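[1] quick one, fold the following:
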Amino acid sequence: MLKVEKLESGYGPMQILWGPDLEVKPGTITSLLGPNGAGKSTLLKTVLGSVPVMGGSVLFEGRDVTSLPTHKKVDLGITLVPEGKHLFKEMTVYENLIMGAYRKEARVHRDESLELIYSLFPILFERKDQKSGTMSGGQQQMVTIGRALMTKPKLIMMDEPSQGLAPKIVMEIFETIEKLKKEIGLTILLVEQNAAALDAADYVYIMHEGVIKAEGNPEEIKNSDEVREAYLGI
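    Numbers count the residues shown, from 1 in each chain. Alright, predicted model coming up:
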């Protein structure tokens, strides 16, 4: 579904990505793991178009979308759950979710999408009239994921969804991510520092200093002492 080939990008004169290749197959969870500063978030932003491409290409469903603006990529079905939640904290849970349904297709399916989100996160239905800024970190992350689902994506990219959450909540978030794949067939690119993301993945890439250093299925990555110690800290 998504293919990144020899991608180069960065900020001004500072190059961050140095030609990584990565593929996300339809209906799978692909994890991109690595230490802080490895270039993982930059890769997501480059795919979405908010960081300019210096070289290489981005293909989505076989189409070259490298130079498309962000809003056009969203229209094609690519969406991002950003690091750090970025909610409208004075708005209610319901209002934040509705903000995600701005695409024409998403507006048509708004009620259906809301029903799906409330089934995945029952607490959001219970607190739909509560201001999102008053909720716990884990609940705010649920709202952020829910808002992304309101866009009716084909591919959802998640940037560090476990950041700052208690271990129990982290497990719940990863279980929900697996549900998105199993129950609605969503394709997911999951960027994480947390090695627990290995268990949710179908395929794993390890990034360091803007380069893919290793790839394989989760068991292969877990069984590589070099990869575990050098890039995952486990």
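
[2] give me the low-pLDDT residue ranges for this protein?
    85, 229-234 (pLDDT under 70).

[3] which residues of it fall in strands?
    Ranges of strands in the chain, per DSSP state E, are 2-11, 14-18, 22-24, 29-33, 53-60, 63-64, 78-81, 155-159, 187-192, 203-208, 211-216.

[4] turn those into JSON lines, including distance to L120 and mean neighbour count.
    C-beta: built from backbone N, CA, C; applies to glycine. Shown next, in JSON lines, are the strands of the chain (distance: least, Cβ to Cβ, whole Å; neighbours: other Cβ atoms under 10 Å):
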{"stretch": "strand 2-11", "distance to L120": "23", "mean neighbour count": "18"}
{"stretch": "strand 14-18", "distance to L120": "32", "mean neighbour count": "17"}
{"stretch": "strand 22-24", "distance to L120": "21", "mean neighbour count": "20"}
{"stretch": "strand 29-33", "distance to L120": "15", "mean neighbour count": "25"}
{"stretch": "strand 53-60", "distance to L120": "25", "mean neighbour count": "17"}
{"stretch": "strand 63-64", "distance to L120": "30", "mean neighbour count": "11"}
{"stretch": "strand 78-81", "distance to L120": "13", "mean neighbour count": "25"}
{"stretch": "strand 155-159", "distance to L120": "13", "mean neighbour count": "23"}
{"stretch": "strand 187-192", "distance to L120": "14", "mean neighbour count": "24"}
{"stretch": "strand 203-208", "distance to L120": "23", "mean neighbour count": "23"}
{"stretch": "strand 211-216", "distance to L120": "29", "mean neighbour count": "17"}
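
[5] so for V93, which of those sits nearest?
    V93 lies closest, by Cβ to Cβ, to one member of the strands of the chain: strand 78-81, at 15.8 Å.

[6] walk me through which strands the closest one pairs with, and which way each runs.
    Using DSSP bridges, the strands paired with strand 78-81 are strand 155-159 (parallel).

[7] how about residues contacting the partner strand?
    1-2, 24, 40-41, 44, 47-48, 60, 77-83, 145, 148-149, 177, 180, 186-191 (Cβ atoms under 8 Å, 6 or more residues apart in numbering).

[8] kind regards, and thank you for your time.
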